[in-house]
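J.: Need the 3D shape of this:
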Amino acid sequence: MDFTFTEEQQAAAEAARGVFAGVAPDGVPSPALTRGAVADDFDRALWARLADADLLSLLLDAEYGGAGLDAIALCLVLRESAKVLARVPLLESCAAAAAVQAYGGQELKAGLLAAAGRGQVVLTVASHGRTGHDPAELAVTARQDGDAWILDGVQTAVPWAHNADYTLVPAHVPAHMPAHTGADRTLLALVPRVHESVVLAEQVSTTGERLAELRLESARIAARDVIDAEGAWEWLRRLLTTGTCALALGLGENVLRMTGEYTGKREQFGFPVASFQAVAVQAADRYIDLRAMEATLWQAAWRLASGTQGALPASGDVVVAKIWASDGVRRIVQTAQHLHGGFGADVDYPLHRYHAWAKHLELSLGPAAAHEEILGDLLAAHPLG
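T.: Below you'll find the predicted structure:
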């Protein structure tokens, strides 16, 4: 495999660096000092700049005003966004639009994608299930009723749901449902925020951002707004997970940079603390974490982008990336807090924000031990050599 980025991918990353250059992560109040969420809405001004730079349409085809790029390009942009803790639904909206393009009907694509690429329509995804610990596709059931689908169930911790125009919701169609034969299957329903059968209850994330419990009470969704295609949810879930790993990498890189700058200036006994062996070894270990996170991320993104068949299914590469991202980002921020000393806990210094975001990403990805069990099952089912 060749991890050299194309000119188009590098141009996307360069454009992202330009857009995010003026974003200050310390401009948001500390969650610990704020009652409720830190803000009612995402950063609309930043969202407009992303749209102007054509970064919201990266994955869309030219007919929808997009660049026709792939998951690698999106991950490069997400990596830059995480360095400044950008408060925008970049991953969710781009991933949802990509799923609609890959699996949706022509009417849905024509009515939605161009507007999403221009930032005029904001999308998000319900991917955490009823409790955050159960499969998202089992939290909502769907049954067909004439030319529509009826959805019932609850999804928790839906990001940006209070502000997005539509939420892409995975729903379970049991095999015993009327007019359905064969095995259970999962469809994706595009649920509007304003709907008589949709109830949003406020939740607050570890980062202090506003989430929502999405409750569907016999919500009637037109068939044209439903994606009933095999593999659509699995494809979207892999893209979301890989994008989250990219966020963890970008966050970790900036935290290690901050740590290097601080320990290079902070002196003890007349010497910078960075020159002490105990400090240097810890920082070096975290650098190794970053390089492993980077290698496994690009492997997973490359598999998604290329569709290349390997000894293991693409889900195996995604699982490996999750293992390193989940454990790695936790170790990086913990070491940064330790090496910053008491200064790292100062809420006037942005490290506490990175720590909160890192914990949120770690929780979103899930524990590395659970992913290692999944990887073991995959290796047992697909023995190498």
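J.: Let me know how buried Arg17 is, in neighbour terms.
T.: Applying other C-beta atoms under 10 Å, we find 15 residues neighbouring Arg17. Quick note: C-beta positions are derived from backbone N, CA and C, even for glycine.
J.: what helices or strands is the helix or strand harbouring it leaning on?
T.: Using DSSP states H and E, Arg17 sits in helix 7-20. With contacts taken as 3 or more C-beta pairs under 8 Å, 6 or more residues apart in numbering; DSSP states H and E, helix 7-20 sits against helix 44-52, helix 71-83.
J.: Please work out which of those is packed deepest.
T.: helix 71-83 (a mean of 26; mean count of other C-beta atoms under 10 Å).
J.: And for it, what's in contact with it?
T.: 5, 8-10, 12-13, 15-17, 20, 55, 58-59, 67, 88, 90-91, 94-95, 239, 242-243, 245-251, 253-254, 297-298, 301-302, 304-305, 357 (C-beta atoms under 8 Å, 6 or more residues apart in numbering).
J.: then it to CSV, C-alphas only?
T.: The C-alpha trace of helix 71-83 is given here as CSV (Å, rounded to 0.1, in the frame of the first residue of the first chain):
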residue,chain,number,x,y,z
ALA,A,71,-12.3,9.0,3.1
ILE,A,72,-8.6,9.8,3.2
ALA,A,73,-9.3,13.5,2.3
LEU,A,74,-12.0,13.7,4.9
CYS,A,75,-9.8,12.3,7.6
LEU,A,76,-7.1,14.8,6.7
VAL,A,77,-9.5,17.7,7.2
LEU,A,78,-10.9,16.2,10.4
ARG,A,79,-7.4,15.9,11.7
GLU,A,80,-6.9,19.6,11.3
SER,A,81,-10.3,20.4,12.8
ALA,A,82,-9.5,18.5,16.0
LYS,A,83,-6.2,20.4,16.5
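J.: Next, the angle helix 44-52 makes with it.
T.: For helix 71-83 against helix 44-52, the angle between stretch directions is 150 degrees (axes from the mean of the first three to the mean of the last three C-alpha atoms, to 10 degrees).
J.: tell me the angle of helix 71-83 relative to helix 7-20?
T.: Computed by the same axes, to 10 degrees, the angle between helix 71-83 and helix 7-20 is 20 degrees.
J.: Tell me which helix or strand comes right after helix 71-83.
T.: Using DSSP H and E, the first helix or strand after helix 71-83 is helix 90-103.
J.: Counting by contacts, list what that following helix packs against.
T.: helix 71-83, helix 106-117, strand 123-125, strand 166-173, strand 185-192, strand 226-227, helix 232-265.
J.: and Leu363, how many neighbours does it have?
T.: Neighbour tally, Leu363, other C-beta under 10 Å: 16.
J.: Give me the below-cutoff pLDDT ranges for the stretch 51-200 of the chain.
T.: Within the stretch 51-200 of the chain, the segments meeting pLDDT under 70 span 176-183.
J.: Show me the domain layout of the protein.
T.: Following automatic domain parsing, one gets these domains for the chain: 7-121, 136-227, 232-381.
J.: For the helix holding Arg17, buried residues please.
T.: Gln9, Ala12, Ala13, Ala15, Ala16, Val19, Phe20 (16 or more other C-beta atoms under 10 Å).
J.: sorry, back to before: Thr156 is nearest to which of the helices and strands packed on helix 90-103?
T.: Distance to Thr156, taken as C-beta to C-beta, is lowest for strand 166-173 among the helices and strands packed on helix 90-103, at 12.1 Å.
J.: In ChimeraX, select just the buried ones from the contacts of helix 71-83.
T.: To isolate the buried members of those in ChimeraX, using 16+ other C-beta under 10 Å:
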select :9,12,13,15,16,20,55,58,59,67,88,90,91,94,95,239,242,243,245,246,247,248,249,250,251,253,254,297,298,301,302,304,305,357
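J.: okay, the residue most central in space within the chain: pLDDT?
T.: Taking C-alpha atoms, centre = their mean, the centroid of the chain lies closest to Thr244, which sits 3.7 Å from it. Among the per-residue scores, Thr244 shows a pLDDT of 98.
J.: what do you get for Pro272?
T.: Reading off the model, Pro272 has pLDDT 81.
J.: what's the answer for Gly307, then?
T.: pLDDT at Gly307 comes out at 79.
J.: From what I see, Gly104 and Asp228 are in contact.
T.: No: the pair Gly104 / Asp228 is not scored as a contact, 9.9 Å apart, by C-beta atoms under 8 Å.
J.: of the two, who's got more company?
T.: Legend: neighbour count by other C-beta under 10 Å for Gly104 and Asp228, higher for Gly104 (25 against 19).
J.: which ones are touching that one?
T.: Gly104 touches Leu112, Ile227, counting by C-beta under 8 Å, 6+ apart.
J.: ok, now how distant is it from Ala283?
T.: Using C-beta to C-beta, to the nearest Å, Gly104 is found at 46 Å from Ala283.
J.: what does Thr263 give?
T.: 7 Å.
J.: what's the answer for Glu253, then?
T.: 13 Å.
J.: cool, Ile374 as well?
T.: Using C-beta to C-beta, Ile374 is found at 31 Å from Ala283.
J.: now Leu59
T.: For Leu59, the distance to Ala283 - C-beta to C-beta - is 36 Å.
J.: can you map out the strands along the stretch 201-350 of the chain?
T.: Secondary structure of the stretch 201-350 of the chain (DSSP state E, counting those that start in this stretch): strands located at 210-222, 226-227, 267-268, 271-272.
J.: now the ones you listed in a markdown table, with distance to Asp348 and mean neighbour count?
T.: Output for the strands of the stretch 201-350 of the chain, formatted as a markdown table (distance: least, C-beta to C-beta, whole Å; neighbours: other C-beta atoms under 10 Å):
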| stretch | distance to Asp348 | mean neighbour count |
| --- | --- | --- |
| strand 210-222 | 23 | 20 |
| strand 226-227 | 46 | 22 |
| strand 267-268 | 21 | 11 |
| strand 271-272 | 23 | 12 |
